[in-house]
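**Student:** Model the following, please.
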Amino acid sequence: MYDTDQYWVQAAPFRALVARLLDLTDLPWPLVARHAGVPPAVMHRLLHGRDGHARGRIPSDCARRLLAVDEAQLVRLARDRYR
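**Tutor:** Alright, predicted model coming up:
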């Protein structure tokens, strides 16, 4: 992976965004990751950290994908899943 400032962004806002999506939909995080197009390993580290420590940054392409998630579409997916 790259180790440049352009490649990484701060993780905290995206951790909060994912937490909101999880709370809003009650979907499992792997399904939200798949829907967003974010690798499961990145999502797991974002939510659970590594070795007990929260990650301070995530790849910017993953951050863009998380921002692009349509909240309403995810809610519909959750509603259809739990019918």
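
**Student:** Spatially, which residue comes closest to L21, not counting chain neighbours?
**Tutor:** V32 (5.6 Å; Cβ to Cβ, 6 or more residues apart in numbering). For the C-beta atoms, the positions are set from N, CA and C on the backbone; glycine is no exception.

**Student:** neighbours around the one you found, how many?
**Tutor:** Neighbour count for V32, taken as other Cβ atoms under 10 Å: 21.

**Student:** Could you export the host helix or strand of R64 as CSV, CA atoms only?
**Tutor:** Element membership for R64, per DSSP states H and E: helix 60-67. In CSV, the C-alpha atoms belonging to helix 60-67 read as follows (Å, rounded to 0.1, in the frame of the first residue of the first chain):
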residue,chain,number,x,y,z
SER,A,60,-9.1,7.5,0.8
ASP,A,61,-10.7,5.3,-1.9
CYS,A,62,-12.6,3.4,0.8
ALA,A,63,-13.6,6.6,2.5
ARG,A,64,-15.1,7.8,-0.8
ARG,A,65,-17.0,4.6,-1.2
LEU,A,66,-18.4,4.9,2.3
LEU,A,67,-19.5,8.5,1.6
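
**Student:** Just checking the distance from stretch 43-55 to the centre of its chain.
**Tutor:** Remark: stretch 43-55 is offset 12 Å from the chain centroid, using Cα atoms, centre = their mean, to the nearest Å.
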